[in-house]
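Colleague: Here's a sequence, model it:
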Amino acid sequence: MGKVVLVTGVARQLGGRFVRRVQRDPDVDRVVAVDAVPPEHHLGGADFVQADIRQPAIAKVLAEFGVDTVVHMDVTATALGGRGGRGGRGSVKETNVIGTMQLLGACQKSPTVKRLVVKSSTSVYGSAPKDPAVFTETTPPKSLPSGGFAKDTVEVEGYVRGFARRRPDVAVCVLRFANILGPAADSPLAEYFSLPVLPTVFGYDPRLQFVHEDDAVEVLRLASHDPQRGTLNSGTFNIAGDGQLLLSQCSRRLGRPTVPVFLPAVTWVGSAMRTVGMTDFSPEQIRLLTHGRVVATRQMRETLGFVPKYTTAETFADFVRSRGPGLLPPGALAGAVDRIAALPFAGGNQSAN
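Modeller: Numbering: from 1, shown residues only. Below you'll find the predicted structure:
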């Protein structure tokens, strides 16, 4: 008998791509695709089950299909837009945290579940001025994230560690992804880079890492497999493309101007960005665009056995090719940019010293 793989978060593009990819693996007999809303993309031959992982009914789905592998991809930073959208930040947090708790509770009671893969984020490390140059999987953050998606991922990983202690017979693999980019990317950072003008923090040029959505799908597939050739597909792994880019390099490659803003005005800028449509321009996002974040990927290569096809620079180049004038109307943003530029602490209306 082949594996029965259950995948959460399939209404999103990345979840849908993973479902279509994993069902082509010869050792997979069946793929059960779960989400609270029907996807707008096709799922191949997968069985779609409309279920909210925040509800106890997810346990019945595991039992009905005899699921042995769970790939939890419904941990995300943004609300699902379009048909059947799930609402705002509050709903996203409930799905990330409460949904994960319910799913893990169901997995704990299931006698058939033998492998759990969780899509997490390098945002668990936070972004602070005294951060190390490079985070490893065991590096503690200088300051824990205080809100937004970053705080959600910290809570999610805490619940996953508790599950691993209670079910030591289940292989648990946590993948901490750097910012995922590509033609179909729908993250807050992708929205930021799609703005016609990029607000930046005056005096800071953060280092950033990216992972291509193609590589994200492939590493999730690898992690969902049983260990082969001496590799150990359990543990916690940083996932990122080789190299790094400065935010200034990203803006030049996008061909978009920047608006440097003094640090005291950054909170106001975050509010302005939410006003013009950015869904999670949270304080943690602002810290990332101030201090940056770089992670080591040695364990990804040597222990997990995964080598990304795209470097950070190649990932960003593919993202740039896929973007036109931006996701937001230039006119809507122009008013916010003018207001930022006119602020005294943003450099507006100041006489030379």
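Colleague: Could you pull up the mean pLDDT of stretch 198-216?
Modeller: Stretch 198-216 carries an average pLDDT of 94.
Colleague: now stretch 130-144
Modeller: For stretch 130-144, mean pLDDT is 90.
Colleague: Just the buried positions in whichever helix in the chain runs longest, please.
Modeller: The helix that spans the most residues within the chain, counting by DSSP state H, is helix 148-166. Across helix 148-166, burial judged by 16 or more other C-beta atoms under 10 Å covers 148-157, 159-160, 163-164. Where you see a C-beta, it was placed from the backbone N, CA and C, and this is true even at glycine.
Colleague: Over to stretch 105-124?
Modeller: 106-107, 110, 113-124.
Colleague: mind listing which of those are in strands?
Modeller: Among the buried residues of stretch 105-124, DSSP state E puts 115-121 in strands.
Colleague: Need those residues in CSV (columns: pLDDT and distance to Arg253).
Modeller: Below are these laid out as CSV (pLDDT from 0 to 100; distance: C-beta to C-beta, whole Å):
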residue, pLDDT, distance to Arg253
Arg115, 96, 39
Leu116, 97, 37
Val117, 97, 32
Val118, 97, 32
Lys119, 97, 27
Ser120, 96, 28
Ser121, 95, 23
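Colleague: which one among those gets closest to His225?
Modeller: Ranked by distance to His225 (C-beta to C-beta), these are led by Arg115 at 8.5 Å.
Colleague: about what we covered before: just give the strands next to the helix or strand that comes right after the longest helix of the chain in its sheet, each with its orientation.
Modeller: Downstream of helix 148-166, the next assigned helix or strand under DSSP states H and E is strand 171-177. Its sheet considered, strand 171-177 pairs with strand 115-121 (parallel), strand 235-239 (parallel) by DSSP bridges.
Colleague: can I get those in a markdown table with distance to Pro132?
Modeller: Formatted as a markdown table, those follow (distance: least, C-beta to C-beta, whole Å):
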| stretch | distance to Pro132 |
| --- | --- |
| strand 115-121 | 18 |
| strand 235-239 | 13 |
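Colleague: looking at those, which is closest to Pro38?
Modeller: Among the strands paired with strand 171-177, the nearest to Pro38 by C-beta to C-beta is strand 115-121 (20.8 Å).
Colleague: and that closest one, how far from the chain's centre?
Modeller: The chain centroid and the centroid of strand 115-121 are separated by 11 Å, computed with C-alpha atoms, centre = their mean, to the nearest Å.
Colleague: could you dump the buried residues of helix 148-166 to CSV with distance to Asp242 and pLDDT?
Modeller: Converted to CSV, the buried residues of helix 148-166 look like this (distance: C-beta to C-beta, whole Å; pLDDT from 0 to 100):
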residue, distance to Asp242, pLDDT
Gly148, 28, 81
Phe149, 25, 85
Ala150, 24, 87
Lys151, 29, 89
Asp152, 28, 92
Thr153, 23, 94
Val154, 26, 93
Glu155, 30, 94
Val156, 27, 96
Glu157, 25, 96
Tyr159, 31, 97
Val160, 27, 97
Phe163, 32, 97
Ala164, 29, 96
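Colleague: And those, which is closest to Ala184?
Modeller: Nearest to Ala184 among the buried residues of helix 148-166, counting by C-beta to C-beta, is Phe149 at 18.5 Å.
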